[in-house]
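Participant: this one's sequence-less:
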């Protein structure tokens with residue numbers, strides 16, 4: 001049975017996930033959006049703040065109890081948790097929480113998936129074969145089996161800035177060789193479609209960032225603009241011409257993110273991780289949201305990590321998680337009426 005509830009995978013149990021989930025529920029319990037945590041009920045009950053937890057069997061029951069208690073689809077941990085101390089002993093359950101949430105979203109049982117932060121190193125130690133959430137969810141939702149364009153494309157959103165990534169968790173030294181005309185065009189097409197379908201922008205405007213300083217300075221500071229990015233921009237313009245989409249670039253990244261520049265586009269394609277994440281976090285460090293585009297499910301996440309240094313101390317802010325929950329609900333609503 002399809003519901004309006006979201007699934008929320010609990011993230012690393014030793015991080016700030018349990019605390020910010022409890023705080024998010026305290027803020028959202030009266031007006032929503034409604035969500036059901038996929039995680040360890042006992043862990044959530046001990047997260048602090050006197051939050052009442054109710055074990056549920058699914059999202060329909062979660063909707064009924066949400067105003068009175070934090071609903072948890074209980075998949076218990078098999079090892080004790082020490083706040084701030086990640087452990088590979090929790091890896092199997094953390095992975096299962098994500099798999100369960102994704103499966104519920106893929107089946108239509110929930111409206112979308114919000115993922116609390118995970119720590120990658122403990123998962124790698126347990127044999128996890130994916131760079132992060134984004135790539136794992138692409139595998140779980142089988143997007144690689146589809147014809148391009150398809151995800152996963154990572155987008156970071158904060159206030160009036162939406163920054164989509166062509167390469168995601170790629171070492172900086174490997175970025176130039178990872179770029180291709182095809183990859184940029186795919187990212188642009190997926191982003192343009194998401195702007196229309198998920199963000200309600202009928203005629204999107206795309207900016208494309210250069211890779212090198214001064215957009216390569218005519219080749220003096222790098223050749224990727226002329227060889228890869230400029231042809232990709234031309235191809236995007238041609239592919240999106242029927243929609244009337246404006247595509248411009250490659251533009252020097254150092255002049256793309258101030259307020260006047262942001263007013264000229266609806267999303268910017270960035271060539272690598274920090275090119276997007278630094279301006280997003282400078283603009284709104286506490287409430288940025290990570291959105292995965294090009295999946296058959298809605299997926300958002302807080303734009304921060306596990307916070308092991310402050311876990312268990314009551315200091316973590318839930319702003320980004322709350323923003324992620326709200327954005328997931330907004331996107332799900334738009335997809336439902338599309």
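Facilitator: Looks like it came in fine. The structure presented is a predicted model; accordingly, all values stated were derived computationally and were not measured. Numbering: from 1, shown residues only.
Participant: any chance you could list what contacts the longest helix anywhere in the chain?
Facilitator: Longest helix of the chain, by residue count under DSSP state H: helix 319-337. When contacts are taken as C-beta atoms under 8 Å, 6 or more residues apart in numbering, the neighbours of helix 319-337 outside the stretch itself are 4, 6, 8, 20-21, 23-24, 27-28, 32-33, 35, 111-114, 116, 157, 197-200, 286-291, 298-304. Where C-beta positions appear, they are placed from N, C-alpha and C, glycine not excepted.
Participant: quick check: PyMOL command selecting the buried ones in these.
Facilitator: Selection command for PyMOL covering only the buried members of the contacts of helix 319-337, criterion 16 or more other C-beta atoms under 10 Å:
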select buried, resi 4+6+8+20+21+23+24+28+32+33+35+111+112+113+114+116+157+198+199+287+288+289+290+291+298+299+300+301+302+303+304
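Participant: residue boundaries of the helices in the stretch 1-150 of the chain?
Facilitator: 17-28, 41-45, 59-65, 91-107, 120-125, 133-140 (DSSP state H, counting those that start in this stretch).
Participant: now the ones you listed in JSON lines, with distance to residue 323 and mean pLDDT?
Facilitator: JSON lines is the format used below for the helices of the stretch 1-150 of the chain (distance: least, C-beta to C-beta, whole Å; pLDDT from 0 to 100):
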{"stretch": "helix 17-28", "distance to residue 323": "10", "mean pLDDT": "97"}
{"stretch": "helix 41-45", "distance to residue 323": "20", "mean pLDDT": "96"}
{"stretch": "helix 59-65", "distance to residue 323": "21", "mean pLDDT": "97"}
{"stretch": "helix 91-107", "distance to residue 323": "18", "mean pLDDT": "97"}
{"stretch": "helix 120-125", "distance to residue 323": "23", "mean pLDDT": "94"}
{"stretch": "helix 133-140", "distance to residue 323": "17", "mean pLDDT": "93"}
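Participant: tell me which of those helices lies nearest to residue 255.
Facilitator: Taking C-beta to C-beta as the measure, those were each checked against residue 255, and helix 133-140 came out nearest at 28.0 Å.
Participant: and the closest one, which residues are buried?
Facilitator: Residues of helix 133-140 classed as buried: 133, 134, 135, 136, 137, 138, 140 (neighbour count, 16+ other C-beta under 10 Å).
Participant: so who does the nearest residue to the last one once chain neighbours are set aside touch?
Facilitator: Using C-beta to C-beta, 6 or more residues apart in numbering and skipping residues adjacent in sequence, the residue nearest residue 140 is residue 102, 4.5 Å away. Residue 102 makes contact with 113, 137, 140, 141, 297, 299, according to C-beta under 8 Å, 6+ apart.
Participant: the buried residues of helix 133-140 into JSON lines, with extra columns for distance to residue 235?
Facilitator: Putting the buried residues of helix 133-140 into JSON lines (distance: C-beta to C-beta, whole Å) gives the following:
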{"residue": "133", "distance to residue 235": "29"}
{"residue": "134", "distance to residue 235": "24"}
{"residue": "135", "distance to residue 235": "25"}
{"residue": "136", "distance to residue 235": "30"}
{"residue": "137", "distance to residue 235": "27"}
{"residue": "138", "distance to residue 235": "23"}
{"residue": "140", "distance to residue 235": "30"}
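Participant: from these, which is closest to residue 275?
Facilitator: The nearest one, if we look at those relative to residue 275 and count by C-beta to C-beta, is residue 134, at 16.5 Å.
Participant: the residue nearest to the closest one when sequence neighbours are not counted: how many residues sit nearby?
Facilitator: Leaving out its chain neighbours, the residue that sits closest to residue 134 by C-beta to C-beta, 6+ apart is residue 152, at 4.8 Å. Other residues near residue 152 number 24, with proximity taken as other C-beta atoms under 10 Å.
Participant: how about residue 152, what does it touch?
Facilitator: Remark: with contacts taken as C-beta under 8 Å, 6+ apart, residue 152 is in contact with 134, 135, 137, 138, 143, 168, 292, 293, 294, 295.
Participant: how about residue 159?
Facilitator: Listed by C-beta under 8 Å, 6+ apart, the contact set of residue 159 reads 283, 284.
Participant: for the residue of the chain most remote from its centre, what are phi and psi?
Facilitator: Most distant residue from the mean C-alpha position of the chain: residue 220, 35.8 Å away (C-alpha atoms, centre = their mean). Here is the backbone geometry of residue 220 (degrees, to the nearest 10): phi -70, psi -30.
Participant: from residue 214, how far off is it?
Facilitator: Taking C-beta to C-beta, to the nearest Å as the criterion, residue 220 is separated from residue 214 by 8 Å.
Participant: equivalent analysis for residue 104, please.
Facilitator: 48 Å.
Participant: more neighbours, the two?
Facilitator: The neighbour comparison of residue 104 against residue 214 (other C-beta under 10 Å) goes to residue 104, with 25 against 15.
Participant: what's next to stretch 92-101, contact-wise?
Facilitator: The contact list for stretch 92-101, computed with C-beta under 8 Å, 6+ apart, reads 7-13, 38-40, 73, 75-78, 110, 113, 115, 118, 122-123, 126, 128, 133, 136-137, 140.
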